[in-house]
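Colleague: when you get a sec, could you give me coordinates for this:
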Amino acid sequence: MNFPRPHPHQPLTRAPVLRPSTRIPLAFELLTPTQVCGKFAQGLSRPVRYTRGPIEIKVSVPAGYRAQLDGIAVLFGQYQAPYFGPDLQPLVPAAALALWEGYRGIEEYAREVFPVEEEGNGLDWMM
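Modeller: Numbers count the residues shown, from 1 in each chain. Prediction:
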């Protein structure tokens with residue numbers, strides 16, 4: 001499955017034909033944690049630091065889902081497994097960009113969406 005990467009300002013003229021069983025790596029940027037922090041810092045106009053530590057889930061979740069989240073934390077946190085795996089990794093981000101032209105980069109998300117979501121959760125750090 002080859003997904004040509006369109007020019008960012010070129011409208012999508014032909015989407016790839018996908019079978020129902022096709023898996024798609026839905027990622028529009030492939031960044032390290034420190035690169036994500038840099039993009040967030042630019043979007044928020046404030047410093048953002050990456051500190052490696054345990055993954056903490058601080059919201060209530062159903063018991064069965066909690067076990068899944070704990071497993072994910074071990075897989076990606078402790079073992080640092082690749083998120084998409086070797087079969088999908090080469091398609092990142094070209095597959096997602098070929099399918100969805102209206103994506104937001106992480107910097108734009110941090111600037112335009114994240115503060116609104118935080119405010120919706122009752123947080124006012126951005127004021």
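
Colleague: so who does A96 touch?
Modeller: A96 is in contact with 24-28, 103, counting by C-beta atoms under 8 Å, 6 or more residues apart in numbering. Just so you know, the C-beta spots here come from the backbone N, C-alpha and C atoms, and that holds for glycine as well.

Colleague: list the buried residues in the helix or strand harbouring it.
Modeller: For A96, the element it lies in under DSSP states H and E is helix 94-99. Buried residues in helix 94-99, defined by neighbour count with 16 or more other C-beta atoms under 10 Å: 95-98.

Colleague: so can I have JSON lines of those showing pLDDT and distance to A67?
Modeller: Below are these laid out as JSON lines (pLDDT from 0 to 100; distance: C-beta to C-beta, whole Å):
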{"residue": "A95", "pLDDT": "86", "distance to A67": "30"}
{"residue": "A96", "pLDDT": "85", "distance to A67": "29"}
{"residue": "L97", "pLDDT": "86", "distance to A67": "34"}
{"residue": "A98", "pLDDT": "85", "distance to A67": "35"}
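
Colleague: SS state for the residue nearest the centre of the chain?
Modeller: The residue lying closest to the centre of the chain (C-alpha atoms, centre = their mean) is A27, at 5.8 Å. With DSSP: H, G, I helix; E, B strand; the rest coil as the basis, A27 sits in coil.

Colleague: burial count for K39?
Modeller: 20 (other C-beta atoms under 10 Å).

Colleague: likewise R104?
Modeller: Neighbour number of R104 under other C-beta under 10 Å is 13.

Colleague: what's the pLDDT at it?
Modeller: pLDDT, R104: 84.

Colleague: counting contacts, what elements does the longest helix seen in the chain pack onto?
Modeller: The single longest helix within the chain, with elements called by DSSP state H, is helix 33-44. Judged by 3 or more C-beta pairs under 8 Å, 6 or more residues apart in numbering; DSSP states H and E, helix 33-44 is in contact with helix 106-112, helix 114-120.
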